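*Asks:* Okay, sequence plus prediction incoming.
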Amino acid sequence: MDLWNRATAQLVAPFPEEVRQGLMVGFADRERYHAALLQFHAKHGCTLKPPPEEYIRALDAVFGKDGDPTVGIAMFSGPLRDWSIIDRLHEIRVPVLVINGRDDIAQDFVCEPFFHHIPRVKWVTFEKSSHTPMWEERERFVHIVGDFLDYEP
């Protein structure tokens with residue numbers, strides 16, 4: 001989560017002060033946090049206008065007015081904030097497909113440890129996507145994932 005949080009900090013820097021402060025306040029001011037999160041995710045989460053209903057529902061389920069913040073709190077400010085699996089990635093023995101988008105919160109430096117430490121890994125970056133290439137570049141996404149699943153070494 002440390003790399004993810006570092007990427008978020010870098011990506012939020014160019015946003016207006018209102019968005020940066022809204023993300024910083026977090027669940028202490030849920031309405032402000034949610035509004036800031038939606039603006040941030042419009043650039044780095046899902047760039048489709050309007051975003052798919054499923055995407056909004058997923059954000060609302062955790063960050064919305066009536067959402068359950070347990071996972072969000074654990075990941076971004078709680079016990080998982082500094083958690084890392086990097087030192088155990090070499091133990092993965094199955095083929096892995098790492099996917100990110102050019103404007104993804106999962107910037108390349110977030111994905112690099114997976115690529116460098118997993119023995120059998122393929123990494124694909126979707127140039128016209130943020131965090132949701134399955135919606136933003138659906139045809140290419142389906143092709144890439146399909147080829148990966150069909151591959152027999």
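*Replies:* Noted; the coordinates are in hand. All values derive from a computational prediction rather than experimental measurement. Numbering: from 1, shown residues only.
*Asks:* Read off the pLDDT value for residue 118.
*Replies:* Looking at residue 118, its pLDDT stands at 98.
*Asks:* before we move on, what about the one 10 residues further on?
*Replies:* According to the per-residue confidence, residue 128 scores 98 in pLDDT.
*Asks:* out of everything not next to it in sequence, what's closest to it?
*Replies:* Sequence neighbours aside, residue 137 is the residue nearest to residue 128 in space, at 5.5 Å (criterion: C-beta to C-beta, 6 or more residues apart in numbering). Quick note: C-beta positions are derived from backbone N, CA and C, even for glycine.
*Asks:* and if you look at residue 136?
*Replies:* residue 129 (4.0 Å).
*Asks:* per-domain residue ranges of this structure.
*Replies:* Split into domains by automatic domain parsing, the chain comes to 2-76, 86-150.
*Asks:* With mean neighbour count added, can I get the ones you listed in a markdown table?
*Replies:* A markdown table is the format used below for the domains of the chain (neighbours: other C-beta atoms under 10 Å):
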| stretch | mean neighbour count |
| --- | --- |
| domain 2-76 | 15 |
| domain 86-150 | 15 |
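*Asks:* Pick out the shakiest of those, pLDDT-wise.
*Replies:* Across the domains of the chain, domain 2-76 gives the lowest mean pLDDT, at a mean of 91.
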